[in-house]
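[1] All I have is the shape, not the residue letters:
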């Protein structure tokens, strides 16, 4: 798997390259924002590790320009304790985030969790529930017959919810399926992705219901969502 790391810390880049190559990844680096964006768009990578603080163009601007043109998975590196950075990154379409300083083994584990979801799966039938159609083969989503643009992780979360339509999936179950880890009290990633799906899909607020203290339910009908 080919990984692009966009980070201006040359010393960290050298250490990461050695570690990730030992873990079986092919790694390339960009140390400046504009060059990183160009590589992310045209370099045929499987995943981008993107630092927030960069010269020339910061990580947020790179992600803002990348998302309309590419669904490539993005793992953002943020400063420890900067919750705002994490929330902004997720709002712009990041798949996951990791705070600096971090253990390289955790970075590798998170990369593998994202890539595992991207592995080719046998084509399965379309899923149609409550006005939403999801096609696992083409990875397309339709709402009342109209295309809906979703990110890679949003598609995977939606597929899990729709396959369990009518049942409540816990936050922990979704986190395990998407990231291979349990949710923590301060981990907002799943909540943010669900929020994005609601904004993109819901016209009447009856699709994805939050069951307080338990998790999320994709409703089979408008009547179910209105309960």
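    The structure has been received and is ready for your questions. Quick caveat: nothing in here was measured; it's all calculated off a predicted structure.
[2] for the protein, which helix is longest?
    Using DSSP state H, we find that the single longest helix of the chain is helix 104-118.
[3] tell me the contacts of residue 164?
    The neighbourhood of residue 164, defined by CB atoms under 8 Å, 6 or more residues apart in numbering, consists of residue 218. Where C-beta positions appear, they are placed from N, C-alpha and C, glycine not excepted.
[4] try it again with 10 Å
    Listed by CB atoms under 10 Å, 6 or more residues apart in numbering, the contact partners of residue 164 are 173-174, 215-218.
[5] domains for the chain, by residue range?
    Structural domains assigned to the chain are 2-118, 127-225, following automatic domain parsing.
[6] could these be laid out in CSV, adding mean pLDDT?
    Formatted as CSV, the domains of the chain follow (pLDDT from 0 to 100):
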stretch, mean pLDDT
domain 2-118, 92
domain 127-225, 88
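[7] Of these, flag the one that's most buried.
    domain 2-118 (a mean of 18; mean count of other CB atoms under 10 Å).
[8] Which elements pack onto the longest helix of the chain?
    Counting contacts by 3 or more CB pairs under 10 Å, 6 or more residues apart in numbering; DSSP states H and E, helix 104-118 packs against strand 2-6, helix 10-22, strand 47-51, strand 74-79, strand 96-100, helix 152-163, helix 171-179.
[9] what's the angle between the fourth one and helix 152-163?
    Meaning strand 74-79. Angle of strand 74-79 versus helix 152-163, following axes from the mean of the first three to the mean of the last three CA atoms, to 10 degrees, is 110 degrees.
[10] isn't residue 20 right up against residue 14?
    No. Using CB atoms under 10 Å, residue 20 is not in contact with residue 14; the gap is 11.2 Å.
[11] List the beta-bridge partners for the nearest residue in space to residue 40 that is not next to it in sequence.
    With CB to CB, 6 or more residues apart in numbering as the criterion, residue 40 has its nearest non-adjacent residue at 5.1 Å, and that residue is residue 48. Bridge pairing for residue 48 (DSSP bridges) gives the partners residue 4, residue 74.
[12] Could you check how far residue 48 is from residue 75?
    7 Å (CB to CB, to the nearest Å).
[13] that older thread, export the helices and strands packed on helix 104-118 as a markdown table, with columns for distance to residue 129.
    Formatted as a markdown table, the helices and strands packed on helix 104-118 follow (distance: least, CB to CB, whole Å):
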| stretch | distance to residue 129 |
| --- | --- |
| strand 2-6 | 35 |
| helix 10-22 | 39 |
| strand 47-51 | 30 |
| strand 74-79 | 28 |
| strand 96-100 | 27 |
| helix 152-163 | 5 |
| helix 171-179 | 17 |
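[14] To residue 203, which of those lies closest?
    Residue 203 lies closest to helix 152-163 among the helices and strands packed on helix 104-118, at 15.7 Å (CB to CB).
[15] got the angle for that closest one vs helix 171-179?
    Interaxial angle of helix 152-163 relative to helix 171-179 (the same axes, to 10 degrees): 130 degrees.
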